[in-house]
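Q: Quick one, structure for this:
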Amino acid sequence: MLMVDMILEMDDEKVETIFEIKENNIFIENGFFTESGLVENMAQTCSSVVAKDYFVDENKNDKIDVNVVGFISGIKTLNIHFLPEVNNVIYTKALLVSKFITESYSLCTMKCQTFRADELLLEGEITLFIQENKS
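A: Residues are numbered from 1 along each chain as shown. Modelled structure (predicted):
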């Protein structure tokens, strides 16, 4: 399930996204977006910085028929302060800490914060593994 509605800003080192929490989201429990939902939103936001290289070439042209798979390979720190409710809009900001790119996969570590308006909901640092699925 997609946990990012729009990328507000992105470059090679940072990204900011927005996401409206709908009632039919799989991470809703008792009217609140769960901890797992916040982590998934964080991971999808962060992955856009590294995964974009799989979808756009060096001339900024879209690549065709790209299939990428990625997952969280580690969570270094994670603090969840509050859980947002259904129909809340959250903003997630991430900053690249490090990345390691080979011909077959990419690893990146990113610091992330998620807000509801000015209220800090989540802060953490995660490592993501991303690779093109060529099968």
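
Q: Show me what the helix or strand where residue 124 lies is packed up against.
A: Following DSSP states H and E, one finds residue 124 within strand 119-132. Contacts defined by 3 or more Cβ pairs under 8 Å, 6 or more residues apart in numbering; DSSP states H and E place strand 119-132 against helix 35-55, strand 68-80, strand 106-116. Where you see a C-beta, it was placed from the backbone N, CA and C, and this is true even at glycine.

Q: Measure how the last one sits relative to strand 68-80, angle-wise.
A: Inter-element angle recorded for strand 106-116 and strand 68-80: 50 degrees (by axes from the mean of the first three to the mean of the last three Cα atoms, to 10 degrees).

Q: Let me see the mean pLDDT of strand 106-116.
A: Averaged across strand 106-116, pLDDT comes to 95.

Q: cool, the first one as well?
A: Model confidence over helix 35-55 averages 87 on the pLDDT scale.

Q: Show me which positions of it end up buried.
A: 37-47, 49-51, 53-54 (16 or more other Cβ atoms under 10 Å).

Q: Please apply the same query to the second one.
A: Using 16+ other Cβ under 10 Å as the test for burial, strand 68-80 gives 68, 70.

Q: CSV for the helices and strands packed on strand 119-132, including distance to residue 13?
A: Formatted as CSV, the helices and strands packed on strand 119-132 follow (distance: least, Cβ to Cβ, whole Å):
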stretch, distance to residue 13
helix 35-55, 7
strand 68-80, 18
strand 106-116, 9
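
Q: looking at those, which is closest to residue 134?
A: strand 68-80 (10.2 Å; Cβ to Cβ).

Q: and the closest one with helix 35-55, angle?
A: Going by the same axes, to 10 degrees, strand 68-80 makes 140 degrees with helix 35-55.

Q: For this protein, which helix or strand comes out least confident on mean pLDDT?
A: helix 35-55 (a mean of 87; mean pLDDT, DSSP states H and E).

Q: Thank you, goodbye.
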